[in-house]
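Asks: pasting the sequence and the predicted coordinates here, then a few questions.
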Amino acid sequence: MKELGIGIIGTGFMGMAHAFAYRAAKATFPDGPAARLVAVADASTAAAEAARDQFGFARATDKWQSLITDPAIDVISITTPNHLHKEMALAAIAAGKHVHCEKPLAPTLADAITMMEAAEAKGVMTQVGYNYIKNPLLKLAREIIGQGEIGRITGFRGIHAEDYMHDPNTPWGWRLDPTGGPGVIADLGSHIIGMARFLIGPIVELVADIETVVSSRPVKAGSTERRAVETDDAARIIARFDNGATGTLEASWVATGRKMQLDFEVIGEKGSLAFTQERFNELQLYRAGGDSRTAGYTRIEAGPQHAPYRNFCVAPGHQLGFNDLKTIEIGEWLAGIASGTSPGPDFREAVEIQKVVDAAIRSSQDRRWKTVG
Ligand SMILES: NC(=O)c1ccc[n+]([C@@H]2O[C@H](COP(=O)([O-])OP(=O)(O)OC[C@H]3O[C@@H](n4cnc5c(N)ncnc54)[C@H](O)[C@@H]3O)[C@@H](O)[C@H]2O)c1
């Protein structure tokens, strides 16, 4: 499989990131299949045509369905608002396309399960856009934990906080549309839940408090008419993991001042790990029991020894960026299609993440601990 035909639906933040990554993937992962940019679709014709010209797609359209019926397309990337994911994914799966869908996979757990089952029944491969765990240093963190280097894991503290919704006059947008599912618990919460699962394993039980901080927002930019908000702005979870560790997870899009506080601490009996996405080329490692005079966290700096950093740069400390994480995700995804082995996270893992989101919502509504799934 030397070449895969790509169709991307959506040309916003993620549509551009996907297009960039598909273009960069062959240059950074030369052993993998090349991505041929066949078509890009957007509800706005002008946006689709601009993306076509910018990235070199063969064609642009305002009808995403034309990508589904296009025999030159092997892989569909869905980068549209959440309420559209299910319809688009099911159509692509039915047509036998491999599907990359942005997170959160679907508005509800039931929808996510329907999508997963359809893909597995059809035998197509799937991927969901949890790009942050593609960081080489996150793979190192998982390796350090998995090899027992910091001992038995007893605690996890995770947060994904940003502030793009903190202003009460930020107008209505698709992220507040309840037909797209919950608010920040799914939008950002799913990233930190996925990261916790990647590092520590399944969450089995939780109690959550989820709230709407801004109760109404302008119906559109500059309007004095306001609409009641039905989705959540902040979520806090206390969790128990399958391996016995306990932890907290937090998500907020009203965290004034925070731009990308996707942080965690993993506490083990023999050491700890600490990480923040705002400095994601660094991982902090503490080993207990050393010389008390020099004891402290060690800063591990990303470099070519942390695969696949070298594919981007041969020099340590020169740093990867957000689009590089997306390129790693897409490079692994294309190689996975070629080999028939999913690099994950696939729809099945996205369903597991969604089960945690679902349990958190149920817990907050009932004011009680809930079993996940
Ligand atoms: N992985 C990440 O780190 C990450 C970051 C941001 C967003 N996301 C996810 O990506 C998805 C899109 O988010 P975004 O920030 O790119 O949104 P966006 O608003 O920037 O872009 C959405 C695009 O979809 C297009 N669109 C809407 N309806 C359409 C239709 N019927 N047919 C074709 N195109 C249509 C819009 O015109 C727009 O270009 C969401 O699911 C979001 O949660 C993931």
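Replies: Thanks, I have the structure now.
Asks: what ranges do the helices span in the protein?
Replies: Taking DSSP state H, the helices of the chain run over residues 13-28, 45-55, 65-68, 85-94, 109-122, 136-146, 184-187, 189-199, 322-339, 347-366.
Asks: not counting sequence-adjacent ones, nearest residue to residue 15?
Replies: Closest residue to residue 15 apart from its sequence neighbours, by Cβ to Cβ, 6 or more residues apart in numbering: residue 79 at 4.2 Å. All C-beta atoms are positioned from the backbone trio N, CA, C, and that covers glycine.
Asks: check the one you found and give its pLDDT.
Replies: Here, the pLDDT recorded for residue 79 equals 99.
Asks: pretty sure it sits against residue 21.
Replies: No. Under the criterion of Cβ atoms under 8 Å, residue 79 makes no contact with residue 21, lying 11.0 Å away.
Asks: quick one, what contacts residue 201?
Replies: With contact taken as Cβ atoms under 8 Å, 6 or more residues apart in numbering, residue 201 is in contact with 241, 242, 243.
Asks: which one among these gets closest to the ligand?
Replies: residue 241 (23.8 Å; Cβ to the nearest ligand atom).
Asks: how close does the closest one get to residue 325?
Replies: 25 Å (Cβ to Cβ, to the nearest Å).
Asks: repeat that for residue 213.
Replies: 29 Å.
Asks: comparing the two, which residue is more hemmed in?
Replies: Set residue 213 next to residue 325 and count neighbours by other Cβ atoms under 10 Å: residue 325 wins out with 21 against 16.
Asks: just to revisit the earlier point, buried subset of the contacts of residue 201 as a ChimeraX selection?
Replies: Buried residues within those, by 16 or more other Cβ atoms under 10 Å, are selected in ChimeraX with:
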select :241
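Asks: return the closest of the contacts of residue 201 with respect to residue 208.
Replies: Minimum distance to residue 208 across the contacts of residue 201 is 15.1 Å, recorded for residue 241 (Cβ to Cβ).
Asks: please determine how far the closest residue to that closest one other than its chain neighbours is located from residue 288.
Replies: The shortest distance from residue 241 to any non-neighbouring residue, by Cβ to Cβ, 6+ apart, is to residue 200 (5.2 Å). Distance from residue 200 to residue 288, counting by Cβ to Cβ: 19 Å.
Asks: ok, these two, which is more surrounded?
Replies: residue 200 (22 against 12).
Asks: check whether the more buried one really touches residue 152, as I assumed.
Replies: No. Distance between residue 200 and residue 152: 11.5 Å, which falls outside the contact criterion (Cβ under 8 Å).
Asks: and stretch 30-49, end to end?
Replies: When the termini of stretch 30-49 are compared using Cα to Cα, to the nearest Å, they are 29 Å apart.
Asks: tell me how far the residue nearest the centre of the chain lies from the ligand.
Replies: A centroid search over the chain (Cα atoms, centre = their mean) returns residue 130, at 2.4 Å, as the residue closest to the centre. Separation of residue 130 from the ligand (Cβ to the nearest ligand atom, to the nearest Å) stands at 7 Å.
Asks: and that residue, its phi and psi?
Replies: phi -90, psi 70 (degrees, to the nearest 10).
Asks: name all residues that make contact with it.
Replies: With Cβ under 8 Å, 6+ apart, residue 130 has these contacts: 103, 190, 191, 194, 195, 329, 345, 349, 350, 353.
Asks: same check on residue 163?
Replies: Applying Cβ under 8 Å, 6+ apart, one finds that residue 163 lies in contact with 253, 254, 255, 256, 257, 258, 259.
Asks: how does it look with 7 Å?
Replies: Listed by Cβ atoms under 7 Å, 6 or more residues apart in numbering, the contact partners of residue 163 are 254, 255, 256, 257, 258, 259.
Asks: quick one, what contacts the closest residue to the ligand within the stretch 151-300 of the chain?
Replies: Here the stretch 151-300 of the chain gets closest to the ligand at one residue, residue 187, 5.7 Å apart by Cβ to the nearest ligand atom. By Cβ under 7 Å, 6+ apart, the contact set of residue 187 is 104, 175, 253.
Asks: and this structure, which residues reach the ligand?
Replies: Residues of the chain lying near the ligand by Cβ under 6 Å from any ligand atom: 9-15, 41-44, 47, 64, 79-82, 84, 102-103, 129, 131, 187.
Asks: burial count for residue 155?
Replies: For residue 155, the count of nearby residues is 15 (other Cβ under 10 Å).
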